[in-house]
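> model this:
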Amino acid sequence: MATKTVLSCIQPTGDMHFGNYFGAVKNWVDIQQKYDCFYGVVDYHAMTMPYNPKQLQENTWELIFNLIAAGVKTENLFVQSLVPEHAELSWILNCFASYGQLTRMTQFKDKTQQVEEGNADGFISAGLLDYPVLQAADILIYKADFVPVGKDQEQHLELTRNIAQRFNNQVGEEYFVLPEPLFTETPKVMSPADPMKKMSKSAGEKHYIPVFSTPEKIKKQIRSAVTDTGDTPSGEMSQGLINLFELLKAANKMDQHHSLMSDYQLGVLKYVHLKDTVAEALTEISVAMVDRRNQLDENKEEVKEMIRNSSADIRKVAQKTMNEVKSLAGLMKLKI
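Numbering: from 1, shown residues only. All right, here's what the predicted structure looks like:
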């Protein structure tokens, strides 16, 4: 039986924090042993809102080095802008995408509202409306069987399936695979400063914990993490405590998780002990990755060349798909 294909992508936003790591990257590392994986750093997607061009390229390389340090195989990695067929397929798929469906995408509506209310810079670009079609191209160009998604991302995958089916109907054959969601247990890591919000860089330094940090900084941030906000109903665990236990579970420290949860249920849990245990668990992960990152930094140009080569190899898959799509769509195709 042929190995199934998985496609997953991440935008280059600079430093990797534990929300990124536990929410996506750790899963990438785990599933690459089981599937044929294509992992993209999608710099085209980072252009839909105002951005700094120089910073974009720096963030792209920074993320790539961090992904490799986290355990992602270089041969699975590509940079989206080094595979221009993504953009070419996106145009073709635009002709099979519903404008009404695009306007109903949750992220488009949320960002549009932020701009209109003055809570975000810039304007509402056509790219912001259209990026789910490019996202569909990212998936379909590799004929991915599965896409790791959270429940909040199912809408985009359903759009991809709709577009693929319309294309198949138009050309009269089941060319594109209709990708399925790959639901894996990915923790929802919240901000240490506000456990009601997801860990995020956009909210400020107090709201995220960098993976590539120091033991001292990690301990300081966990020690200052909010536990009780004073509005938790009696008998229920506060969101802050839930977040700390979730971090411990995500770090695969199940013995400590069970022991401390037992203390909580018996009413003898010491918050400082819980926080120190969480800090130690995160530090253990961080130290290992910082060591690997330092080794990579000693050979930066060699690593960059490896990624250019892996992107070129992966591009061959995309070019083959594009030639087949063009032929089916009645377009001219290139010799490759």
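
> got the residue ranges for the strands in the stretch 1-150 of the chain?
With DSSP state E, counting those that start in this stretch as the criterion, the stretch 1-150 of the chain has strands at 5-10, 36-41, 77-79, 146-148.

> pLDDT of the third one, averaged?
This means strand 77-79. For strand 77-79, mean pLDDT is 98.

> now swap in the second one and tell me
Taken as a whole, strand 36-41 has an average pLDDT of 98.

> which helices and strands sit right next to that strand?
Here strand 36-41 touches strand 5-10, helix 26-31, helix 53-70, strand 77-79, going by 3 or more C-beta pairs under 8 Å, 6 or more residues apart in numbering; DSSP states H and E. Just so you know, the C-beta spots here come from the backbone N, C-alpha and C atoms, and that holds for glycine as well.

> out of the ones you listed, nearest to residue 302?
helix 53-70 (11.7 Å; C-beta to C-beta).

> how deep is residue 264 tucked in, by neighbour count?
For residue 264, the neighbour count with other C-beta atoms under 10 Å is 14.

> So what's the predicted local confidence for residue 1?
At residue 1, pLDDT is 69.

> any chance of the helices and strands packed on strand 36-41 in JSON lines, with distance to residue 199 and mean neighbour count too?
Listed next are the helices and strands packed on strand 36-41 as JSON lines, based on distance: least, C-beta to C-beta, whole Å; neighbours: other C-beta atoms under 10 Å:
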{"stretch": "strand 5-10", "distance to residue 199": "15", "mean neighbour count": "21"}
{"stretch": "helix 26-31", "distance to residue 199": "14", "mean neighbour count": "17"}
{"stretch": "helix 53-70", "distance to residue 199": "16", "mean neighbour count": "18"}
{"stretch": "strand 77-79", "distance to residue 199": "24", "mean neighbour count": "24"}
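
> Just send these back as a markdown table, with distance to residue 327 too.
As requested, the helices and strands packed on strand 36-41 are arranged in a markdown table below (distance: least, C-beta to C-beta, whole Å):
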| stretch | distance to residue 327 |
| --- | --- |
| strand 5-10 | 21 |
| helix 26-31 | 32 |
| helix 53-70 | 33 |
| strand 77-79 | 24 |
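
> ranges for the helices of the chain?
For the chain, the helices defined by DSSP state H cover 18-20, 26-31, 53-70, 85-94, 99-103, 106-116, 126-140, 154-171, 215-223, 239-250, 254-266, 271-297, 300-329.

> how many degrees apart are the last one and strand 5-10 in direction?
The reference is to helix 300-329. Orientation check (axes from the mean of the first three to the mean of the last three C-alpha atoms, to 10 degrees): helix 300-329 against strand 5-10 gives 120 degrees.

> list the helices and strands helix 300-329 packs on?
helix 53-70, strand 77-79, helix 85-94, helix 154-171.

> what residues go with each domain of this structure?
Per automatic domain parsing, the structural domains of the chain span 5-186+300-329, 201-295.

> closest to residue 108 out of the helices and strands packed on strand 36-41?
Of all the helices and strands packed on strand 36-41, strand 5-10 comes closest under C-beta to C-beta, at 17.7 Å.

> model confidence over the closest one, on average?
So the average pLDDT for strand 5-10 ends up being 96.

> same deal with stretch 51-63?
The predicted model assigns stretch 51-63 a mean pLDDT of 96.

> which outside residues touch that stretch?
Outside of stretch 51-63, the residues within contact range by C-beta atoms under 8 Å, 6 or more residues apart in numbering are 10, 12, 13, 14, 15, 16, 41, 43, 46, 47, 79, 304.

> Tell me how far the second one lies from residue 193.
If I follow you right, that is residue 12. From residue 12 across to residue 193, the span is 24 Å (C-beta to C-beta, to the nearest Å).

> and the gap between residue 314 and residue 36?
Distance of residue 314 to residue 36, computed by C-beta to C-beta: 11 Å.

> So for those two, which residue has more residues nearby?
Between residue 314 and residue 36, counting by other C-beta under 10 Å, residue 314 is the more crowded of the two (22 against 15).

> Show me the shaky parts of the protein.
Along the chain, segments meeting pLDDT under 70 span 1, 151-152, 229-231.

> residues near residue 112, how many?
The burial count for residue 112: 16, using other C-beta under 10 Å.

> my read: it touches residue 123, true?
No: in terms of C-beta atoms under 8 Å, residue 112 does not count as a neighbour of residue 123; the distance is 10.1 Å.

> Apart from its neighbours in sequence, what residue is nearest residue 193?
residue 206 (4.0 Å; C-beta to C-beta, 6 or more residues apart in numbering).

> no, scratch that, I was asking about residue 89
The shortest distance from residue 89 to any non-neighbouring residue, by C-beta to C-beta, 6+ apart, is to residue 137 (4.1 Å).

> ok, now residue 290?
Closest to residue 290 by C-beta to C-beta, 6+ apart is residue 212, at 5.6 Å.

> same deal with residue 289?
Nearest residue to residue 289, sequence neighbours excluded (C-beta to C-beta, 6+ apart): residue 69, at 4.9 Å.

> ok, now which ones touch that neighbour?
212, 289, 290, 292, 293, 296.

> Just the buried ones out of those, please.
Among the contacts of residue 69, those classed as buried by 16 or more other C-beta atoms under 10 Å are 212, 289, 290, 292, 293.
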